[in-house]
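Student: Here you go, sequence then predicted model.
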Amino acid sequence: MADRVLAVDIGSSRMHAGLVDTCKHSCLFRSDFPLSEMSRRLPKALGKLKINVSAVIAGGRKGYAQKAGKILKTCGVTSIATIRIVSGLPLRFRYDKPGTLGADRIADALYAVTVYPKRNVIIIDSGTAITVDAVSSTAELMGGVILAGVETQLCCLHAATNTLPMVAMSGKKIPLPGRSTEQCMRAGAAHGTAGALNHLVRNYNHLLGGKGIVLATGGAWHLTKKLVDFEFIEVPDMTLIGTALYALYKRH
């Protein structure tokens, strides 16, 4: 069916593949797995497809997009596109070198302008890194920021010092202030990131000239979502859906 597109999103350490209904802006199924398991897990995910579909790849890590494309072709997918900035996209880019903009950020922005046209939108994508982008009501990607993700901050603290331990985030409530070295590290990463996000949303709203809709996605969003003080709409499949939408706009 023409309105169904296979989306493949290649992250820093994990890959996400899903079948997207581009009319309803919904993901019909998805599979998430480590990049190291792509050769085995991607064909398995494709085995769930009962129809012939086109595919779009959003990938940043060198070599992985090409490898994913070869796997798709082996599995019978003949129409494969890779996200890049082309004419026909419903977006303008206020970016010094648009060609260096990450495919996941383009996909998220496509979702924003398609699902929330003529609205100011602030996009938070939280993973190994956290990106916070501003999209104006005139469909212009104004730019954004890139922050180290919560878990990345903890890894860097351990790697850069001789005394701080390797700490992972826990599912428990994060105390403030912390009362042990581990608690202090978790509190610094989580509450510090939430404070940064609060600051960015306030400043983006000023930049956009009005309150924007905040869309949040990413596998690490749960680490800070209870700590921020702004309203948001959580869209777990946003990057996959935006990746699939690229197939529609590229036809024009």
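Tutor: Okay, I see it.

Student: CA only for contacts and neighbour counts going forward, please
Tutor: Noted.

Student: In this protein, which helix is the longest?
Tutor: helix 181-208 (DSSP state H).

Student: Check which element follows that one along the chain.
Tutor: Sequence order places strand 213-217 as the next helix or strand after helix 181-208, per DSSP states H and E.

Student: Other residues contacting that next one?
Tutor: Strand 213-217 is contacted from outside by 119-126, 231-239, using Cα atoms under 8 Å, 6 or more residues apart in numbering.

Student: what's the helix or strand in which Leu42 is found packed up against?
Tutor: Secondary structure assignment for Leu42, by DSSP H and E: helix 38-46. Counting contacts by 3 or more Cα pairs under 8 Å, 6 or more residues apart in numbering; DSSP states H and E, helix 38-46 is packed against strand 14-21, strand 26-34, helix 64-74.

Student: Deepest-packed of those, please.
Tutor: Of the helices and strands packed on helix 38-46, the one with the most neighbours on average (mean count of other Cα atoms under 10 Å) is strand 14-21, at a mean of 23.

Student: Provide the strand pairings for that one, with the direction of each partner.
Tutor: Neighbouring strands of strand 14-21 in its sheet, by DSSP bridges, are strand 4-10 (antiparallel), strand 26-34 (antiparallel).

Student: Of all those strands, which one is nearest Arg94?
Tutor: Closest of those to Arg94 is strand 4-10, at 23.6 Å (criterion: Cα to Cα).

Student: by contact count, what packs against the helix or strand hosting Tyr111?
Tutor: Using DSSP H and E, Tyr111 sits within helix 103-115. Counting by 3+ Cα pairs under 8 Å, 6+ apart, the packing neighbours recorded for helix 103-115 are strand 54-59, strand 121-126, strand 129-135, helix 238-249.

Student: one more time with 7 Å
Tutor: Under the contact criterion of 3 or more Cα pairs under 7 Å, 6 or more residues apart in numbering; DSSP states H and E, helix 103-115 touches strand 54-59, helix 238-249.

Student: So what angle separates the directions of the shortest one and helix 238-249?
Tutor: Pointing back at strand 54-59 there. Comparing the axes of strand 54-59 and helix 238-249 via axes from the mean of the first three to the mean of the last three Cα atoms, to 10 degrees yields an angle of 130 degrees.

Student: Paired strands for strand 54-59, with orientation please.
Tutor: Checking strand 54-59 against DSSP bridges gives partners strand 4-10 (parallel), strand 80-82 (parallel).

Student: avg pLDDT for the shortest one?
Tutor: In this case it means strand 80-82. Strand 80-82 comes out with an average pLDDT of 92.

Student: Next: the first one.
Tutor: Here the mean pLDDT over strand 4-10 is 94, rounded to a whole number.

Student: Same check on stretch 98-117?
Tutor: For stretch 98-117, the per-residue pLDDT averages 94.

Student: which residues touch it?
Tutor: 58-60, 83-85, 121, 135, 139, 238-239, 241-243 (Cα atoms under 7 Å, 6 or more residues apart in numbering).

Student: in it, what's buried?
Tutor: 101, 103-113 (16 or more other Cα atoms under 10 Å).

Student: can you put those residues in TSV and add distance to Gly76?
Tutor: Listed next are the buried residues of stretch 98-117 as TSV, based on distance: Cα to Cα, whole Å:
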residue	distance to Gly76
Leu101	30
Ala103	24
Asp104	25
Arg105	28
Ile106	27
Ala107	24
Asp108	27
Ala109	29
Leu110	27
Tyr111	27
Ala112	31
Val113	32
